[in-house]
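Asker: Mind looking at a prediction? Sequence and model below.
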Amino acid sequence: MQPELGSKAPDFTAPIDGGATLSLSDLLGKKVVLYFYPKDNTSGCTKEACDFRDNMERLTSAGAVVVGVSPDSVASHNKFRAGHDLNFHLVADTEKVISTAYGVWVEKSMYGRKYMGVERSTFVIDEQGAISHVFRKVSVPGHVDKVIDMLQQV
């Protein structure tokens, strides 16, 4: 079950790349683009992360900060972030608590095999901490442009 539009975004405190922790509540007063992705250093996830990186000026001009979330470890995030010069933080959701709270830890199917995994999704959270927009089952090409367009309209 995912949180509904207009509802308060589920808060979390979790480890991020570099070994620090991040709480969503620390970002109150800013628009937050919270995007969930399945795995560091895979083709789609790398493309999505690099698209956010390459459009950071447009995102910050729209008043947003970007935070990526996946079930990978801090060590994996450190390598991913350094290897692609990412200019935003990555949250290690190794226990899938955040992914579950946002309803993106779901049953998936590939080649007839069912398994649990992250459904690529993006949540835009307004300055008061409410969910203002949700992108589910994200297709990577053009996604960041759609997020920026939406941010510029609100």
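Answerer: Right, received. Where do you want to start?
Asker: And for residue 70, nearest residue in space, chain neighbours not counted?
Answerer: residue 37 (5.1 Å; C-beta to C-beta, 6 or more residues apart in numbering). Where C-beta positions appear, they are placed from N, C-alpha and C, glycine not excepted.
Asker: Got phi/psi on that neighbour?
Answerer: phi -140, psi 150 (degrees, to the nearest 10).
Asker: From residue 84, how far out is it?
Answerer: Counting by C-beta to C-beta, to the nearest Å, the gap from residue 37 to residue 84 is 13 Å.
Asker: show me where this structure has strands.
Answerer: Using DSSP state E, the strands found in the chain span residues 13-15, 21-23, 31-36, 64-70, 89-92, 105-110, 113-118, 121-125, 131-135.
Asker: pLDDT (mean, whole number) over the fourth one?
Answerer: The average of the pLDDT scores along strand 64-70 is 97.
Asker: partner strands of it, parallel or antiparallel?
Answerer: Looking at strand 64-70 with DSSP bridges, its partner strands are strand 31-36 (parallel), strand 89-92 (parallel).
Asker: for the last one, same thing?
Answerer: In its sheet, strand 131-135 lies beside strand 121-125 (antiparallel), with partners assigned from DSSP bridges.
Asker: quick one: buried residues of the strand it pairs with?
Answerer: Of all the residues in strand 121-125, those buried under the rule 16 or more other C-beta atoms under 10 Å are 121, 122, 123, 124, 125.
Asker: Report pLDDT for the residue nearest to the fourth one when sequence neighbours are not counted.
Answerer: What that stands for is residue 124. Distances taken as C-beta to C-beta, 6+ apart place residue 133 nearest to residue 124, at 4.1 Å, with adjacent residues excluded. Residue 133 is assigned 96 on the pLDDT scale.
Asker: which stretch among the strands paired with strand 64-70 comes nearest residue 152?
Answerer: When the strands paired with strand 64-70 are compared by C-beta to C-beta, strand 31-36 sits nearest residue 152, at 11.0 Å.
Asker: now that closest one, how far from the centre of its chain.
Answerer: With C-alpha atoms, centre = their mean, to the nearest Å as the basis, strand 31-36 stands 5 Å off its chain's centre.
Asker: what's it in contact with?
Answerer: The set of residues external to strand 31-36 that reach it, using C-beta atoms under 8 Å, 6 or more residues apart in numbering, is 9, 24, 48, 52, 59, 62-70, 99, 102, 104, 118-127, 132, 138, 147, 151.
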